[in-house]
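Asks: 3D, please:
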Amino acid sequence: MEVTLIPRSYLFVPGDRPDRFDKALATGADIVVLDLEDAVLPESKARAREAVRNWLRMGGRSAVRINGIGMEWHEEDVVLLATPGVAAALLPKAEEPAALDAFVSALPQGLPIVPLIESALGIWNARELASVKGVTRLAFGSIDFQLDTGIEAEGEALLYARSRLVLASTIARIAPPVDGVTIALDDEERLRADIAAARALGFGGKLCVHPRQLAAVHKGFAPDEATLAWAQAVVEAARTSDAGAVRVNGKLVDRPVVERAKRILEDGGQVPQTPDCGGLLDRSRPIRGPASRRRHDQRASLETPQTCPGNGGHPSWLWLSKTWASPAPSRPRAKGSVPR
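Replies: You can find the predicted model right below:
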């Protein structure tokens, strides 16, 4: 079976900059997001929407972040989402599960939805939001969340909010959440630290505001060679054993450790051999990570869900690969040019 990679990077480009759309396809971002919200001034909203629609009609393919529920541009943005080529919809400031459910119901069936959780109410309702049918992943809008709550510090100050998103995603059996942006574009050490902290908490990707962030994000959310070798040894030992626990490199390994090893291999693009596995491999859990990274020329692709006979018949993750990115604006606009 072949399973698609869960995207690690979501790179935003202003919707009113169509000159950047095609250039972004070659940057290596997992997901490109044409932004109609914070990156576009109010007087440019209609022009940006038409620029995105025209690009999509010419064969473009990307995710789109629309304006939030209740905003004056929201309804026309929703109409845009029915345009062929829209690969996913990002909804900002998701807070109320009923409103999110109504929003999803108005969209083309099967369109992946990524709500951005950017407020105290959104964090509080994270479990219900993650469980809305059609939601494939949550994303953390950390900057707006800090503004809403008055939390000025970062790091541990946002630990509770981030942990709720991870737990909500796990309970809803959707992909790991996407962490918020790092706005310090010239601070590589800060970016790497943010990525490491997010991954340690259980996040699976990150919102990006500049192509220079992509390499660190992709590396930071992928297992290294030593970890892959350990995981392969664990899974192989479990596959050939019918016992409740096995010994690997001098350490006792039981089922939770084997499941972690499987996920590491999936994240690294390797397929654990589960159909004829031994007693330690739990085939009742859905595969959560990639079994391969499919490279596509210039355009994104929306994969069709597959099922794994050796994985309880659960669907594999429905995801996109290989889209685009854009350079970040040189300075913030009135409302802020970065994803919140």
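Asks: check the offset of stretch 247-261 from the chain's centre.
Replies: Relative to its chain's centre, stretch 247-261 lies at 28 Å (Cα atoms, centre = their mean, to the nearest Å).
Asks: hang on, residue 34 in a strand?
Replies: Yes. According to DSSP: H, G, I helix; E, B strand; the rest coil, residue 34 belongs to a strand.
Asks: tally up the residues packed near it, please.
Replies: 34 (other Cβ atoms under 10 Å). In this view, the C-beta of every residue, glycine as well, is placed from N, C-alpha and C.
Asks: OK, contacts around the nearest residue to residue 181 once chain neighbours are set aside?
Replies: With sequence-adjacent residues excluded and distances taken as Cβ to Cβ, 6 or more residues apart in numbering, residue 181 is closest to residue 207, at 4.7 Å. When contacts are counted by Cβ atoms under 8 Å, 6 or more residues apart in numbering, residue 207 is found next to 10, 12, 139, 178, 179, 180, 181, 339.
Asks: quick check: the third one vs residue 198, distance?
Replies: Put plainly, it is residue 139. 12 Å (Cβ to Cβ, to the nearest Å).
Asks: anything in contact with each of these two?
Replies: Shared contacts of residue 139 and residue 198 (Cβ under 8 Å, 6+ apart): residue 179.
Asks: what pLDDT does residue 249 get?
Replies: Here, the pLDDT recorded for residue 249 equals 73.
Asks: these two touch, right, it and residue 237?
Replies: No. Counting by Cβ atoms under 8 Å, residue 237 is not a contact partner of residue 249; they are 9.5 Å apart.
Asks: what about those two, which has more around it?
Replies: residue 237 (19 against 9).
Asks: now for the helix or strand containing the more buried one, which elements pack on it?
Replies: Taking DSSP states H and E as the definition, residue 237 sits inside helix 225-239. Helices and strands touching helix 225-239, by 3 or more Cβ pairs under 8 Å, 6 or more residues apart in numbering; DSSP states H and E, are strand 246-248, strand 251-253, helix 255-267.
Asks: would you turn the ones you listed into CSV with distance to residue 133 and mean neighbour count?
Replies: Supplementary listing: these in CSV, determined by distance: least, Cβ to Cβ, whole Å; neighbours: other Cβ atoms under 10 Å:
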stretch, distance to residue 133, mean neighbour count
strand 246-248, 39, 17
strand 251-253, 37, 13
helix 255-267, 24, 20
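Asks: what would the ones you listed look like in CSV with distance to residue 89?
Replies: Putting the helices and strands packed on helix 225-239 into CSV (distance: least, Cβ to Cβ, whole Å) gives the following:
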stretch, distance to residue 89
strand 246-248, 43
strand 251-253, 41
helix 255-267, 25
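Asks: indicate which one of these is closest to residue 76.
Replies: Proximity to residue 76 (Cβ to Cβ) singles out helix 255-267 among those, at 38.5 Å.
Asks: how far off centre is the closest one?
Replies: Remark: helix 255-267 is offset 20 Å from the chain centroid, using Cα atoms, centre = their mean.
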